[in-house]
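Asker: this is a predicted model, with the sequence first.
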Amino acid sequence: MKNKWPLLPIVLTTFSMQAFGEEQNDAQAVQEPEVILSIVTQTEETVPSLNCDQAIENELVIDTVILQTEETEQKVPEQEVKPISMQAPDEEPNTPAPEMMATSTCCWFDDVQPLLEFKFGYFIFADSKMRDIYDRGGLDLQLSASYPVWRWLDIYGSVEYFRLHGKSLGGNQETSIWEIPLSLGLKPIITITNTVQYYIAIGPRYFFVHQHNKSEFVDKNLSQNGIGGFVNTGFNFFPLKHLCIDVYGEYSYGRLHFHPDHELVFGRTIQVGGFAFGGGLGYSF
């Protein structure tokens with residue numbers, strides 16, 4: 001018995017130490033879940049916050065990329081289709097199609113050129129009594145020129161000559177008359193096609209008239225001059241660039257009073273103008 005009891009304190013000491021160790025382990029076991037729980041809680045609170053920030057940044061980046069893509073798609077047609085006036089200096093100009101070039105050919109009359117003409121036509125008096133005396137009319141010769149003064153407007157001038165033969169009324173005696181009219185006026189020109197133009201000329205005309213009679217009852221020679229007016233119109237055709245073919249019609253008016261020297265003959269006023277129709281050839285400078 002003496003040998004057994006001395007071991008009792010050792011056993012009790014050992015048992016108490018083991019119990020104390022188990023209590024410490026239980027306390028650590030109780031504390032460790034709290035630590036683990038706090039770590040998990042902190043991790044759960046941190047990770048979602050980081051994920052939200054990244055998601056927001058990713059959404060912003062995606063929206064920015066989408067907007068840039070839409071702007072690029074809107075700008076692409078403007079870069080692909082450019083008007084001719086916005087071409088870069090290094091780019092070659094667009095060459096029009098042959099059909100467009102044919103229709104856009106510049107005509108000769110954009111700037112009207114000076115024209116010199118020789119005309120010939122048939123003249124008859126407008127006065128009925130003069131037509132009764134000079135019933136056959138006569139050849140009318142003209143030399144005319146026109147010079148551009150403003151775009152489609154020319155200044156026009158001409159010198160004319162014609163001579164008519166007839167017979168006196170009642171006495172059936174020969175008589176003749178010749179005239180030299182001088183004209184100056186304006187000539188508007190209208191371009192119809194590349195080779196055809198229409199014109200009208202109007203202005204004053206000065207008449208020189210001389211009549212020769214073979215009758216013994218009237219003065220053999222009568223002369224008079226005076227001012228009147230004229231208007232003519234026609235078409236110019238250009239089969240070649242400088243060659244002009246003219247078809248025209250003209251009316252002139254001038255009343256002149258003749259003073260005979262014969263005592264038994266009374267003077268009278270006569271309309272010495274009339275109508276002329278004909279053609280001409282000209283050269284365009």
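Answerer: Good, I have the coordinates.
Asker: how about the helices in the stretch 51-200 of the chain?
Answerer: Using DSSP state H, counting those that start in this stretch, the helices of the stretch 51-200 of the chain run over 98-103, 128-133.
Asker: and those, which one is worst for confidence?
Answerer: Mean pLDDT values for the helices of the stretch 51-200 of the chain show the minimum at helix 98-103, a mean of 44.
Asker: check the gap between the nearest residue to R131 once chain neighbours are set aside and H259 for me.
Answerer: Closest residue in space to R131, ignoring its immediate chain neighbours: F125 at 5.1 Å, by CB to CB, 6 or more residues apart in numbering. Every residue, glycine included, has its C-beta placed from N, CA and C. According to CB to CB, to the nearest Å, F125 and H259 sit 20 Å apart.
Asker: was I right to think the residue nearest to R131 contacts Q271?
Answerer: Yes - F125 lies in contact with Q271 (CB atoms under 8 Å); the separation is 7.5 Å.
Asker: these two - which one has more neighbours?
Answerer: Set F125 next to Q271 and count neighbours by other CB atoms under 10 Å: F125 wins out with 23 against 17.
Asker: tell me who's in contact with that one.
Answerer: With contact set as CB atoms under 8 Å, 6 or more residues apart in numbering, F125 has these partners: R131, Y134, L164, Q271, V272, G273, G274.
Asker: which of those residues sit farthest apart?
Answerer: Across the contacts of F125, no pair lies farther apart than L164 and Q271, at 14.2 Å, counting by CB to CB.
Asker: any idea how many residues pack against S144?
Answerer: The burial count assigned to S144 is 22, neighbours taken as other CB under 10 Å.
Asker: surely Y156 and R205 touch.
Answerer: No - counting by CB under 8 Å, Y156 stays clear of R205, with 11.2 Å between them.
Asker: can you list residues touching both of these two?
Answerer: Jointly contacting Y156 and R205 under the rule CB under 8 Å, 6+ apart are S183, L184.
Asker: correct me, but V112 touches V149?
Answerer: No - using CB under 8 Å as the test, V112 is too far from V149 to be in contact (9.6 Å).
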